[in-house]
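> what would the 3D arrangement of this be:
(chains A, B, C and D)
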Number of protein chains: 2
Amino acid sequence: MTDGQIEEAAHLFAALAEPARLRIIQALLGEDLTVSELIEVTGYRQANASKHLSILLRAGLLRRSKEGTFVRYSVSDPFLKKLCSMVCGRMEHHAEERLRALCS
Amino acid sequence: MTDGQIEEAAHLFAALAEPARLRIIQALLGEDLTVSELIEVTGYRQANASKHLSILLRAGLLRRSKEGTFVRYSVSDPFLKKLCSMVCGRMEHHAEERLRALCS
DNA sequence: ACGATATATGTCAATTTAGTAATGAATGGA
DNA sequence: TCCATTCATTACTAAATTGACATATATCGT
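As a prediction, the model looks like this:
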């Protein structure tokens, strides 16, 4: 692996290393949403949501399409869906382990 | 997904969002290494490497075992191996796309 | 063209993080 | 016991990041 690829991967993980962005991704995995809808759903301020969206967009994780004055975002990367289900699986596994440790 | 799980996931990604830590993981995926060996391989300073290792350890990605005065680290999480191969695959895919865009 | 709405961007303070040097703790050998 | 080695931790500086506010840009209807 080259230095460039390592940095690219780190950049990708950095885009995912923020609870607000994970919430946004979670919402967009359910259905494509405009910024307004996303604000409604998540409760984030417009400027912040917009900034987080631009970060996810630059990381290549989202797709952006204009609809009049609205902008609709969607999950562009099939990799992201797989990744999310993997992470969920891991966390369930850990939750189970914690539970088992508690009961032993 | 609860807020706690979202934050836990963000924390996990944050642990991976650093080139130095990805380099360390890459080295440890090849073989288990002591801190000294890791320093030798990566060229990082001792204190720096130690800090990165502690972050990966706290994230549950590495295992730690003492051997006399030495400490050997290894990849504890099968999830991590899968994740790395996925990320590598994604980046190769993107590299191909860039190449194709260049030639079209 | 004008006003209203949707989205993006710039700036600021506060927080977090990486890297370095120095120090501390633990282990093994003389 | 004393010293040398290995690793962890602390204190510090510089840089990056977040969220809030204000402002700019773009599009639509009138």
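> where does A:G43 fall, phi/psi-wise?
phi 90, psi 10 (degrees, to the nearest 10).
> do you know how far it is from A:A49?
For A:G43, the distance to A:A49 equals 9 Å [Cβ to Cβ, to the nearest Å]. (C-beta placed from N, C-alpha, C; glycine too.)
> neighbour count for the two, which is higher?
Per other Cβ atoms under 10 Å in any protein chain shown, whichever of A:G43 and A:A49 has more neighbours is A:A49, with 22 against 9.
> contacts for the helix or strand hosting the more buried one?
Using DSSP states H and E, the element containing A:A49 is helix A:46-58. Residues from elsewhere that reach helix A:46-58 (Cβ atoms under 8 Å, 6 or more residues apart in numbering or on different chains): A:15, A:18, A:20-21, A:24-25, A:35, A:38-39, A:42, A:44, A:62-64, A:73.
> let's see 6 Å
A:15, A:20-21, A:24, A:38-39, A:62, A:64, A:73 (Cβ atoms under 6 Å, 6 or more residues apart in numbering or on different chains).
> and it, which residues are buried?
A:49, A:52-53, A:55-56 (16 or more other Cβ atoms under 10 Å in any protein chain shown).
> same thing with stretch A:35-48?
A:35, A:37-39, A:41-42, A:44.
> can you flag which of those belong to helices?
A:35, A:37-39, A:41-42 (DSSP state H).
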